[in-house]
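Asks: Have a look at this prediction, sequence included:
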Amino acid sequence: MKTLCISLIIVALLILAVQIITEIIKSVLKDKENIVYNMIVFGVSLFLTLVTVIAASQIVPFKLVWYIIVGAIVGSFFIAYGAMYGYDKLFKRVFESVKNAIKSFLEIEEEVKGNEKK
């Protein structure tokens, strides 16, 4: 059950990541008035996130592998989202996704317990 719970939370966070990445890409390409601003925000967040991860790998000894770089790039979308729309909206979306994943887990757990009693 613990693995199922962790899996549901990971799925919820992946869905959230896809939604945020899609929203950032749409805002960069669609919003003609703020396209320069949005490109600057995304570029700065990408640059600073990658520099921070590379610096952290030098300060705290860990091997800088491909999936850490990919994670930093995905993280830069979250940072750009927070910069463009505010952290309150970012945190609200993150907490809603995790809350929904936990709610789904609890519903599945109750269903499994109900089937075991039968």
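Replies: That came in fine, so what should we check first?
Asks: how much space between residue 93 and residue 17?
Replies: To residue 17, residue 93 is 10 Å away according to CB to CB, to the nearest Å. No exception for glycine: its C-beta is placed from N, CA and C like everyone else's.
Asks: Check which helix or strand the nearest residue to residue 50 once chain neighbours are set aside maps to.
Replies: Take residue 50 and drop its neighbours on the chain: the residue closest to it by CB to CB, 6 or more residues apart in numbering is residue 72, 5.4 Å away. Assessed by DSSP states H and E, residue 72 sits inside helix 66-85.
Asks: Show the average pLDDT along that helix.
Replies: Mean pLDDT, computed over helix 66-85, is 87.
Asks: mind exporting that helix as PDB, just the C-alpha atoms?
Replies: Extracted in PDB, the C-alpha atoms of helix 66-85 (Å, rounded to 0.1, in the frame of the first residue of the first chain):
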ATOM      1  CA  TRP A  66      21.700  13.300 -16.800                       C
ATOM      2  CA  TYR A  67      18.600  12.900 -14.700                       C
ATOM      3  CA  ILE A  68      19.700  15.600 -12.300                       C
ATOM      4  CA  ILE A  69      20.100  18.000 -15.200                       C
ATOM      5  CA  VAL A  70      16.600  17.000 -16.600                       C
ATOM      6  CA  GLY A  71      15.200  17.500 -13.100                       C
ATOM      7  CA  ALA A  72      16.800  21.000 -13.000                       C
ATOM      8  CA  ILE A  73      15.200  21.900 -16.300                       C
ATOM      9  CA  VAL A  74      11.800  20.700 -15.200                       C
ATOM     10  CA  GLY A  75      12.300  22.700 -11.900                       C
ATOM     11  CA  SER A  76      13.100  25.800 -13.900                       C
ATOM     12  CA  PHE A  77       9.600  25.600 -15.300                       C
ATOM     13  CA  PHE A  78       8.200  25.700 -11.800                       C
ATOM     14  CA  ILE A  79      10.400  28.600 -10.900                       C
ATOM     15  CA  ALA A  80       9.300  30.500 -14.100                       C
ATOM     16  CA  TYR A  81       5.600  29.700 -13.200                       C
ATOM     17  CA  GLY A  82       6.100  31.100  -9.700                       C
ATOM     18  CA  ALA A  83       7.800  34.200 -11.100                       C
ATOM     19  CA  MET A  84       5.100  34.800 -13.800                       C
ATOM     20  CA  TYR A  85       1.900  33.900 -11.800                       C
END
